[in-house]
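Novice: What would the 3D arrangement of this be:
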Amino acid sequence: MEFAVFVTLPGLVILLTVIAFADQFLRMTGRGKRSGQVSSTGFEQLHATFSQGKQNELKERQSALVLRDDEEDGAPPRHSTVDLGGGRAVIRIGPGGTT
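Specialist: Numbers count the residues shown, from 1 in each chain. The predicted structure follows:
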């Protein structure tokens with residue numbers, strides 16, 4: 001019968017709150033080994049149920065995790081060089097282009 005309480009919306013909020021307190025207690029005592037929090041993920045999913053904007057935010061966050069993040073995005077091409085100390089820049093148009 002107790003499980004039926006947590007299937008309802010108020011019961012779910014109570015369960016998430018209890019998990020949040022337990023999670024904080026474990027972190028304070030040094031027993032919590034996780035860097036993230038289970039309760040915050042649960043509250044975000046609950047918020048996304050009622051808010052379309054939150055659903056879009058979670059989808060955007062998930063797609064950003066999948067996309068590749070190159071460090072050289074926006075950097076000049078490798079065949080061009082910039083010497084800031086000497087005040088000289090060499091820019092080549094193509095891989096075998098002229099200077």
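Novice: could you point out where this protein is predicted with low confidence?
Specialist: The model of the chain has pLDDT under 70 over residues 1-3, 6, 32-37, 69-79, 94-99.
Novice: Go through it and flag its longest helix.
Specialist: helix 9-29 (DSSP state H).
Novice: and the next element down the chain from it?
Specialist: helix 38-50 (DSSP states H and E).
Novice: got the contact list for that following helix?
Specialist: Leu12, Val13, Leu16, Thr17, Ile19, Ala20, Asp23, Lys54, Gln55, Glu57, Leu58 (Cβ atoms under 8 Å, 6 or more residues apart in numbering). C-beta: built from backbone N, CA, C; applies to glycine.
Novice: Among those, which one has the most neighbours?
Specialist: Leu16 (19 neighbours; other Cβ atoms under 10 Å).
Novice: Which helix or strand contains the residue positioned nearest the centre of the chain?
Specialist: With distances taken as Cα atoms, centre = their mean, Arg61 lies nearest the centre of the chain, 5.6 Å away. Taking DSSP H and E as the definition, one finds Arg61 inside helix 52-66.
Novice: Surely Asp83 is in contact with Ile91?
Specialist: No. Counting by Cβ atoms under 8 Å, Ile91 is not a contact partner of Asp83; they are 12.0 Å apart.
Novice: So which of those two has more stuff around it?
Specialist: Per other Cβ under 10 Å, whichever of Asp83 and Ile91 has more neighbours is Ile91, with 12 against 9.
Novice: nearest spatial neighbour of the more buried one, skipping sequence neighbours?
Specialist: The shortest distance from Ile91 to any non-neighbouring residue, by Cβ to Cβ, 6 or more residues apart in numbering, is to Ser80 (4.6 Å).
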